[in-house]
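Colleague: Sequence first, then the predicted structure:
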Amino acid sequence: MNICQAVEGGAIISHMPSQLDSLRKHSLVVADSGDIDAVARWKPQDATTNPSLLLAASQDARYRHLLDADMDRMFVNFGREILKHVAGRVSTEVDARLSFDTDKSVDKARRFISLYEKENVSRERVLIKLASTWEGIRAAEKLEREGIHCNMTLLFSFAQAVACAEAGVTLISPFVGRIYDWYKQARKVDDIPVEEDPGVASVVRIYNYYKRHGYKTQVMGASFRKTGQILALAGCDLLTIAPDLLLQLSNTQGEIEKRLSPEKAPEVKKIHLDEKAFRWEHNDDAMATDKLADGIRKFDADARKLEKVIASLATVPAK
């Protein structure tokens, strides 16, 4: 066991590392937050944002100066500030209303990158988040060829994961917690043990498939409800974690076991999905179709609320 040791009064005192410190040895830790102070506190490698997180941040007086009547500029303002506190990348999300429009998604992504570059932020430090619809995946495929890297969000089915890998995207974010929520409700139970958690199992299956077949696309587990889900995925390429769960991991001592590794990936048949096969396979997963549609609706609703917040600020006289 790896234990930090200190000498005090002639005696050797052993200090166990926190679970968060231990986790960092196995996976890149990413902060899932629009709260810039929280990002600064946890010093993650990367950070992710979405309309819901930025809606919450927009109502915090500390970040009032980042608001802008132009939503795209506001998203970039938050991203620029977050990047001051991370060594790696920030994810900025394309409007959910464009989830079924490849061309407009590409245009929006290009605009984000243009705005970042005007702020002297390299495109290498930005991930464009797109919904993992067929149209979103095609947009990402085109953007990756232009050197604009993508993070595919709202990913619930194995079909989505396969299509993203075949498109050569940089990163995917399978939503552990929202899968867990759906099955918990469907089974009418208060909890599902981690070893039986369909959300955890989904990420394990995707990770093993990617590593077995040599895909470069990285897997970033997302949308966690409890620390047990996170610890069960130690070894996943990246894990994006909300500040409250980062705090729990930081306050809990103990070495954790690496659960995922390319060497442990079992043999599994490689498959190819054209559009018809993708739509059929995704549609065959009731949870995935429900949660993808629900996620798009919710991100759209929060984006509209954010627009109203910005509009209301424009009517307030300057002091």
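Modeller: Ah, there it is.
Colleague: now the helices for the stretch 1-150 of the chain?
Modeller: Counting by DSSP state H, counting those that start in this stretch, one finds helices in the stretch 1-150 of the chain at the ranges 19-24, 36-42, 51-58, 71-82, 102-118, 134-145.
Colleague: ok, Ser91 touching Cys150?
Modeller: No: counting by CB atoms under 8 Å, Ser91 stays clear of Cys150, with 9.2 Å between them. The way it works is simple: take the backbone N, C-alpha and C, and place the C-beta from them, glycine included.
Colleague: if I read this right, Phe78 contacts Tyr63, doesn't it?
Modeller: Yes: using CB under 8 Å, Phe78 is in contact with Tyr63, at 7.3 Å.
Colleague: Any chance of the helices of the stretch 1-150 of the chain in CSV with distance to Pro174, mean pLDDT and mean neighbour count as columns?
Modeller: Below are the helices of the stretch 1-150 of the chain laid out as CSV (distance: least, CB to CB, whole Å; pLDDT from 0 to 100; neighbours: other CB atoms under 10 Å):
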stretch, distance to Pro174, mean pLDDT, mean neighbour count
helix 19-24, 18, 97, 21
helix 36-42, 22, 93, 19
helix 51-58, 18, 89, 20
helix 71-82, 22, 95, 21
helix 102-118, 20, 98, 18
helix 134-145, 14, 98, 22
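Colleague: of those, which approaches Asp181 most closely?
Modeller: Among these, the nearest to Asp181 by CB to CB is helix 51-58 (14.7 Å).
Colleague: neighbouring contacts of that closest one?
Modeller: When contacts are defined by CB atoms under 8 Å, 6 or more residues apart in numbering, helix 51-58 is touched by residues 32-36, 63, 67, 74-75, 78, 93, 96, 298-300, 302-303, 305-306, 309-310.
Colleague: one step back: could the helices of the stretch 1-150 of the chain go into TSV alongside distance to Glu263?
Modeller: Shown next, in TSV, are the helices of the stretch 1-150 of the chain (distance: least, CB to CB, whole Å):
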stretch	distance to Glu263
helix 19-24	19
helix 36-42	30
helix 51-58	35
helix 71-82	34
helix 102-118	35
helix 134-145	28
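Colleague: so what does the helix or strand hosting Lys211 touch, helix or strand wise?
Modeller: For Lys211, the host element (DSSP states H and E) is helix 198-212. In terms of contacts (3 or more CB pairs under 8 Å, 6 or more residues apart in numbering; DSSP states H and E), helix 198-212 is packed against helix 158-167, strand 171-174, helix 176-187, strand 218-221.
Colleague: Could you identify which of those is most buried?
Modeller: Neighbour counts (mean count of other CB atoms under 10 Å) averaged over each of the helices and strands packed on helix 198-212 peak at strand 171-174, with a mean of 29.
Colleague: so how far is it from its chain's centroid?
Modeller: Mean C-alpha position of strand 171-174 versus that of the full chain (CA atoms, centre = their mean, to the nearest Å) differs by 6 Å.
Colleague: how about the CA coordinates for that strand, as PDB?
Modeller: Extracted in PDB, the C-alpha atoms of strand 171-174 (Å, rounded to 0.1, in the frame of the first residue of the first chain):
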ATOM      1  CA  LEU A 171     -13.800  12.000 -26.800                       C
ATOM      2  CA  ILE A 172     -17.100  10.700 -25.700                       C
ATOM      3  CA  SER A 173     -19.000  11.300 -22.400                       C
ATOM      4  CA  PRO A 174     -21.300   8.300 -21.500                       C
END
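Colleague: Now do the helices in the stretch 201-319 of the chain.
Modeller: Going by DSSP H, counting those that start in this stretch, the stretch 201-319 of the chain shows helices at 227-231, 243-251, 275-283, 286-314.
Colleague: Which helix or strand in the chain has the lowest average pLDDT?
Modeller: None of the helices or strands of the chain scores lower by mean pLDDT, DSSP states H and E than strand 4-8, at a mean of 45.
Colleague: Next up, the contacts around Met152.
Modeller: Neighbours of Met152 in contact, by CB under 8 Å, 6+ apart: 129-132, 136-137, 140, 160, 164, 169, 171-173.
Colleague: Can you tell me which of those residues lies closest to Asp274?
Modeller: Ile137 (12.0 Å).
Colleague: tell me the contacts of the closest one?
Modeller: Leu130, Met152, Gln160, Ala163, Cys164, Ala167, Val169.
Colleague: Return the distance of the fifth one relative to Asp72.
Modeller: According to CB to CB, to the nearest Å, Cys164 stands 24 Å off from Asp72.
Colleague: which residues are common contacts for Phe78 and Tyr63?
Modeller: Gly34, Ile36, Ala57.
Colleague: State the distance from the last one to Ala234.
Modeller: Distance from Ala57 to Ala234, counting by CB to CB: 29 Å.
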